[in-house]
Each structure stands twice: as structure tokens, then as C-alpha cells.
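**Q** Need coordinates for the below:
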Amino acid sequence: MKGQNQWRMVVQRIIRSEMSLRGVKYQGLSDKLAEIGVSQTADNLRNKVNKGILGADLLLQILFVLKSRPLSAEMMAEVMAAGDSD
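**A** Take a look at the predicted model:
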């Protein structure tokens, strides 16, 4: 298995991919989270996603409000493999 930095990259890429698929920018993500009672500024979200460091609760909340595709081990492996080729 890969190191901690690779897992952070996976988090970053999955969130960015889901945002891109839905045409959601960080302010829109902040607004969507506010609708479910989660207070995060656009800048705070950008920093957390760019670093790939956020709590499991926030990750799930983000995936929920984005109506994300299901996560699977295969999807994560594909993201890791794509990162290896960068």
C-alpha cells in the first residue's frame, strides 16, 4: 500500500472530480454544506481539499451534498494508479 501522501492525493482527486462533474466550485460547495448545517468557508474547503486533509465526517458530508458516485476500492485504485503516472 502507498504512503500517507498518496491517500491524501486520492481524497483530493475524488472530491475535485465530483465537484467538476457537477460544475460545483468551492463557494457552491460551501453553500451546499450550509444547507445541511455544516459551516465551512470556500477558502477553508479549498485549503482542506488541496492538502487532502479533512475529517471523515466532512468527507462524507461533501460526498453527500455532491450526490457523489459510490466509492469503491476499484475507484480508489484507479485514482492511485493515475497519480503514479503523473
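
**Q** distance of the spatially most central residue of the chain from Tyr26?
**A** Closest to where the C-alpha atoms of the chain average out (C-alpha atoms, centre = their mean) is Ile15, at 2.3 Å. In this structure, Ile15 and Tyr26 are 10 Å apart, going by C-beta to C-beta, to the nearest Å. C-beta here means a position set from N, CA and C on the backbone, and glycine is covered the same way.

**Q** Which neighbours do these two have in common?
**A** Val49 (C-beta atoms under 8 Å, 6 or more residues apart in numbering).

**Q** How far away from the center of its chain is the lowest-mean-pLDDT helix or strand in the chain?
**A** When the helices and strands of the chain are scored by mean pLDDT, DSSP states H and E, helix 73-84 comes last with a mean of 85. Mean C-alpha position of helix 73-84 versus that of the full chain (C-alpha atoms, centre = their mean, to the nearest Å) differs by 14 Å.

**Q** outside of stretch 8-18, which residues touch it?
**A** 49-54, 59, 62-63, 66, 68-69, 71, 75-76, 79-80, 82-83.

**Q** Narrow those to those that are buried.
**A** When those are checked for burial by 16 or more other C-beta atoms under 10 Å, the buried set is Val49, Gly52, Leu54, Leu59, Ile62, Leu63, Leu66, Ser68, Val79, Met80.

**Q** Reformat these as JSON lines; add secondary structure and distance to Asn5.
**A** Shown next, in JSON lines, are the buried ones among the contacts of stretch 8-18 (DSSP: H, G, I helix; E, B strand; the rest coil; distance: C-beta to C-beta, whole Å):
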{"residue": "Val49", "secondary structure": "helix", "distance to Asn5": "15"}
{"residue": "Gly52", "secondary structure": "coil", "distance to Asn5": "8"}
{"residue": "Leu54", "secondary structure": "coil", "distance to Asn5": "15"}
{"residue": "Leu59", "secondary structure": "helix", "distance to Asn5": "17"}
{"residue": "Ile62", "secondary structure": "helix", "distance to Asn5": "20"}
{"residue": "Leu63", "secondary structure": "helix", "distance to Asn5": "21"}
{"residue": "Leu66", "secondary structure": "coil", "distance to Asn5": "24"}
{"residue": "Ser68", "secondary structure": "coil", "distance to Asn5": "23"}
{"residue": "Val79", "secondary structure": "helix", "distance to Asn5": "13"}
{"residue": "Met80", "secondary structure": "helix", "distance to Asn5": "11"}
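
**Q** With that, I have no additional questions.
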